[in-house]
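Q: I need the structure of the sequence given here:
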Amino acid sequence: MGKGFIIIIGLLQLMAWKAYGQVPELMGGCKMHPHSQNRVAVSADFNPVRIFKQHLSIALDPAVRHISGQVHYRLQLTEARPQLAIDLDAALQVDSVWSGNQSLSFSQNPLQLLLPAPNGLWPADSTLEFSVQYAGIPPVNPNGFGSFMTAKHGPDSVPVLWTLSQPYGCRDWWPAFQTLGIRADSTWLSVNIPIGYRSGGPGLLQRIDTLGGRVTYHWQHHYSMPPYLLGLAVSEYEVLEQRIPIAGSTDTVFVQDYVYLEDTAYAFPRLRELLPPMLQRFSDLFGPYPYLTEKYGHMQISIFSGGMEHSTMSSMGSWDYSLMVHELAHQWFGNKITCASWRDIWVNEGFATWMVSLCLEDLLDNGFWWPGWKHLTRLSALRVPEGSIFVRDTALTTTIFSQRLTYHKASFVLHGLRYQIGDSAMFAGLRSYMNDPQLSWGFATTEHIRYFLEQASGQDLRGYFDRYIYGAGYPRYQVNWQQQGNQLKLHTRQLLPQGLPFAQKLPIRAYGDGDSLDIHIDFRGSQRSDVVIVPFTIDSLVFDPDIFVLSEPAVVQRLSSLQQGNFFASLNNDVLQLQLPFDLQPNAELRLYDLQGRLLHWQFVPAEQLYQEIRLTQWLQPGMYLLQLQSGNEQATKKLILAQ
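A: Here you go, the predicted structure:
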């Protein structure tokens, strides 16, 4: 199969797949947000603890769906509590809980492990250190992407096991604090597995211990991490290691990849060739790779095309170019700064999907695939108007991770925002966001994104965010034009949705005599007229030629003069709807007669608006009427029929 055909198939798959929480391939109505937040007021979900350290020591066999082990915590309570609630599914049974040499009492309900305070109340700011011993068969969570999965791969049916906890799956395989708003300062992972297998994990591999027929992989991660970003994978892997230098700095990124034996011939060359330019691009645009003192890497798993941005080591269902970009991009947007709640998930996923376009723009085949990304991403976002990027109902995973809204529409809105404020402001604002000390290694909301982009651009972006992020739908525009000498007269009108203007800059390109001219209309309100000097005879006009505006295909039409009959009207009871010509003179007059010649309505017509609705002073009976428009020495008459 040819390379071009494979990538086109990937583009089509992108429209239909958001496999296991991430985007594969090249996509890798009213104001809903009543109050703007102060930029430092992160509206995270309930935050009961600060985790200093979490250490998982677990035993696994990729051929068996079972887990056993212990978790050790050192944490601080943010407020006084009579008991501590830890997320854990009842399918995993706790054997014991202890602190030092002292056993702690506990109980389990279907979704939690409860630790009551020994003296009735744990004081605020108290530091707790305890361990939990547990074991069981991890449940199959229907509201997730497979939090604990086993499968087989390759011609020899080699077992593989992996975890994927986003958004509510931590409790399916370990006692965790999975609520957004909580991060662990340090995470250690020790995985005991049969000899012959390897285990990927976060941070740096400290050592591998061998005892009997089993080995233990010891990983340590010393960057702040939300619990859902902890992931592992166990199978027979070949390992590729490389150090990628970052031009313009003394930085190098250590990369460690765990790849199925049967896929090394394909994956290893791609990882050597494609990953370095991606790392360079994002380091240039958004700052140094976040986990510079540890690593980046991949661990292969058996999900179709999808992946997961586990901290420092992404889980990969394929080696597609855009999936590689998407998961790497998350190390900045999603990992270093995480959405404050699942309502703001686009702060993770929309950015990672948009960042695919930043690589397709010129890194892959000299930008050949970038127009395809723009076209198909917009096409997906326009499938139906319902729903907002800002998630209203976070109960269901399918709603949080809507491929159309969270990935495709959100990424195209960012793509359009880049055009609205320009590259300089866009990337300066995002660098400031990424390096803000109050947000780095923390959580952010939609309003944080808006704040930093407004600061960089000097523009008020509330309208853009209200319509495209918090609101539903998208506009449709009509552009009428007429050339008189070197003057291009334009009239732009928003057709849909009525009464809800999408205020933004609109690109138009005029073609003629082998030349072209780009025009940018600052559209505010429902319609506007412009006059542009064009030094050539125009053959055609194209709306949004480079695909930057999230809107339905525009209606573009060339209008004639009043003498040529370019005057349209309709009558509905006492409302007269008009489409007027470009060459209307000041103080043009409008007259409405009945067939007996009686004047029923007269007024001057404002020339600056081509589309007007005029409410008549009297209610008309069904029948035929004559509408006369007088502009200077020219006159046009229309017959109007008011039906019963």
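Q: domain map for this protein?
A: For the chain, automatic domain parsing gives the domain ranges 3-40+339-470, 49-330, 476-558, 562-642.
Q: tell me where the stretch 351-500 of the chain has helices.
A: For the stretch 351-500 of the chain, the helices defined by DSSP state H, counting those that start in this stretch cover 370-381, 397-400, 410-421, 423-435, 446-457, 462-465.
Q: thought Val325 was touching Met278?
A: Yes - at 5.6 Å, Val325 counts as touching Met278 under the criterion of C-beta atoms under 8 Å. Quick note: C-beta positions are derived from backbone N, CA and C, even for glycine.
Q: check Val23 and give its pLDDT.
A: We have a pLDDT of 34 for Val23.
Q: end to end on stretch 171-183, go ahead and measure it.
A: This stretch, stretch 171-183, spans 16 Å end to end (C-alpha to C-alpha, to the nearest Å).
Q: residue contacts, the residue most central in space within the chain?
A: Residue closest to the mean C-alpha point of the chain, counted by C-alpha atoms, centre = their mean, is Gly350 at 1.2 Å. Contacts for Gly350 (C-beta atoms under 8 Å, 6 or more residues apart in numbering) come out as Ile389, Thr406, Tyr407, Lys409, Ala410, Ser411, Val413, Leu414.
Q: got the phi and psi for it?
A: In terms of degrees, to the nearest 10, the main-chain angles of Gly350 are phi -60, psi -40.
Q: confidence score at it?
A: Looking at Gly350, its pLDDT reads 98.
Q: and the gap between it and Val413?
A: 7 Å (C-beta to C-beta, to the nearest Å).
Q: joint contacts of the two?
A: Ile389.
Q: from Asp125, how far out is Phe177?
A: 17 Å.
Q: the more surrounded of these two?
A: For Phe177 versus Asp125, the count of surrounding residues by other C-beta atoms under 10 Å is larger for Phe177: 24 against 11.
Q: backbone dihedrals for the more buried one, please?
A: Torsion angles, degrees, to the nearest 10, at Phe177: phi -110, psi 90.
Q: can you start the count at 784 instead of 1 from here on
A: Fine by me, first position is 784 from now on; the one you just mentioned is Phe960.
Q: contacting residues around it?
A: Pro831, Val832, Ile834, Ile869, Asp870, Cys953, Pro1010.
Q: do the same with Asp1329
A: By C-beta under 8 Å, 6+ apart, the residues touching Asp1329 are Lys1157, Pro1290.
Q: and it, what's its pLDDT?
A: pLDDT, Asp1329: 97.
Q: same thing with Gln820?
A: At Gln820, the predicted lDDT confidence score is 35.
Q: buried residues in the helix or strand hosting Ser973?
A: Using DSSP states H and E, Ser973 sits within strand 967-977. Across strand 967-977, burial judged by 16 or more other C-beta atoms under 10 Å covers Ala967, Asp968, Ser969, Thr970, Trp971, Leu972, Ser973, Val974, Asn975, Ile976, Pro977.
Q: these: which two are farthest apart?
A: Asp968 and Pro977 (32.1 Å; C-beta to C-beta).
Q: show me where the stretch 884-1033 of the chain has strands.
A: Under the criterion DSSP state E, counting those that start in this stretch, the stretch 884-1033 of the chain contains strands at 885-886, 890-892, 895-899, 910-919, 931-936, 941-946, 967-977, 981-983, 987-994, 997-1004, 1016-1018, 1020-1028.
Q: quick one: the very next helix or strand once past the last one to chain centroid distance?
A: Using DSSP H and E, the helix or strand that follows strand 1020-1028 towards the C-terminus is strand 1035-1043. The chain centre lies 26 Å from the centre of strand 1035-1043; the measure is C-alpha atoms, centre = their mean, to the nearest Å.
Q: would you mark the buried spots in the helix or strand following strand 1035-1043?
A: Sequence order places helix 1047-1069 as the next helix or strand after strand 1035-1043, per DSSP H and E. Neighbour-count burial for helix 1047-1069, counted by 16+ other C-beta under 10 Å, picks out 1047, 1050-1051, 1054, 1057-1059, 1061-1066, 1068-1069.
Q: for the residues you listed, which one is nearest Ser1098?
A: Nearest to Ser1098 among the buried residues of helix 1047-1069: Ala1050, at 13.9 Å, using C-beta to C-beta.
Q: dump the residue contacts of the closest one.
A: Leu1023, Asp1040, Val1042, Gln1083, Trp1102.
Q: mind doing that once more with 6 Å?
A: Under the criterion of C-beta atoms under 6 Å, 6 or more residues apart in numbering, the contact list for Ala1050 reads Val1042, Trp1102.
Q: excluding chain neighbours, what is closest to Leu1015?
A: Among residues not flanking Leu1015 along the chain, Gly984 sits closest, at 5.2 Å (C-beta to C-beta, 6 or more residues apart in numbering).
Q: show me the helices in the stretch 784-933 of the chain, by range?
A: Assigned by DSSP H, counting those that start in this stretch, the stretch 784-933 of the chain shows helices spanning 786-799.
Q: of the helices of the stretch 1134-1283 of the chain, which stretch is the most buried?
A: helix 1193-1204 (a mean of 23; mean count of other C-beta atoms under 10 Å).
Q: which other helices and strands contact that helix?
A: The contact analysis (3 or more C-beta pairs under 6 Å, 6 or more residues apart in numbering; DSSP states H and E) places helix 1193-1204 against helix 1129-1143, helix 1153-1164.
Q: 8 Å - rerun?
A: Secondary-structure packing of helix 1193-1204 (3 or more C-beta pairs under 8 Å, 6 or more residues apart in numbering; DSSP states H and E): helix 1129-1143, helix 1153-1164, helix 1206-1218, helix 1229-1240, strand 1287-1295.
Q: Ser1185: which of those is closest?
A: Shortest distance between Ser1185 and the helices and strands packed on helix 1193-1204, using C-beta to C-beta, is found for helix 1129-1143: 9.5 Å.
Q: number of nearby residues for the nearest residue to Gly883 once chain neighbours are set aside?
A: Spatially, and ignoring its direct neighbours in sequence, Gly883 is nearest to Glu912 (7.6 Å; C-beta to C-beta, 6+ apart). Applying other C-beta under 10 Å, we find 12 residues neighbouring Glu912.
Q: nearest to Leu1375, out of the helices of the stretch 1134-1283 of the chain?
A: Leu1375 sits nearest to helix 1245-1248 of all these, at 37.2 Å, using C-beta to C-beta.
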